[in-house]
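In: Just the structure for this:
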Amino acid sequence: MQETLALVLFACFFVGTLIEITLMLGRKRQGLGLDRFRLVFFFMASLMLVCLLPLWIFFKLTTAIWVSDLTVVLANLIGFGLTYTRERRQGEEGDGDGEDRSVRAYAVYFQGKQLGMVTREGFEQLLSNDLLKKQRTVELLDDYQEKARRQGLKVMIYQNKDGSQRLIKIEGSALRAT
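Out: Numbers count the residues shown, from 1 in each chain. A predicted model of the protein is given here:
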């Protein structure tokens, strides 16, 4: 009877772990945080391993209990492992499957002073529309706003509250004809 009770308890823990893994995979697909799940899986795996000690001390550790407990531990370790994602490196074009978590940014200067940062996309738009000077630093032309307006582009500069950082955003998709 006591062995059956322990096996039913471990079966409930196993089913709970499977439900938790299913919920975690749903949140993972949505791109939400998985820290709570990671903690639960680690805690449950540790708890199930600790449960073996009193069973062993009181001579209640049978092969069936041993296997069922280690099954729950293994399921929790698998859940713990699934909370992590493997990030693949993408080439220049990317394969479109994963999302690129890094953003390449360039420092842009205007009249010798750093104006702000621009993303690679914005940099390529500025370059393709001849809004940059050809020199060692990436510097905007003196009349970049007027020239951009004529080409259908809008160059916006955002800065944080203390003014220490700026971001340059280019809107519009005008490409110059060659």
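
In: what about the strands in this protein?
Out: Using DSSP state E, the strands of the chain run over 105-110, 113-119, 132-133, 139-140, 154-159, 166-171.

In: Check these for me and report the most buried one.
Out: Neighbour counts (mean count of other C-beta atoms under 10 Å) averaged over each of those peak at strand 139-140, with a mean of 20. Yep, even glycine has a C-beta here, placed from its N, CA and C like the rest.

In: how many other residues sit next to the residue lying closest to Ile65 once chain neighbours are set aside?
Out: Of all residues not flanking Ile65 in the chain, Ala6 sits nearest, at 5.2 Å (C-beta to C-beta, 6 or more residues apart in numbering). Neighbourhood size, Ala6 [other C-beta atoms under 10 Å]: 19.

In: swap in Ile65?
Out: Ile65 has 20 nearby residues by other C-beta under 10 Å.

In: For it, give me its contacts.
Out: By C-beta atoms under 8 Å, 6 or more residues apart in numbering, the contact set of Ile65 is 3, 6-7, 10, 55.

In: who touches stretch 4-24?
Out: Stretch 4-24 has contacts (C-beta under 8 Å, 6+ apart) with 34, 37, 40-41, 44, 48, 55, 60, 64-65, 68-69, 71-72, 75-76, 78-79, 82-83.

In: my guess is Thr62 contacts Gln2, does it?
Out: No - here Thr62 lies out of contact with Gln2, judged by C-beta atoms under 8 Å, at a distance of 10.0 Å.

In: No further queries at this time; thank you.
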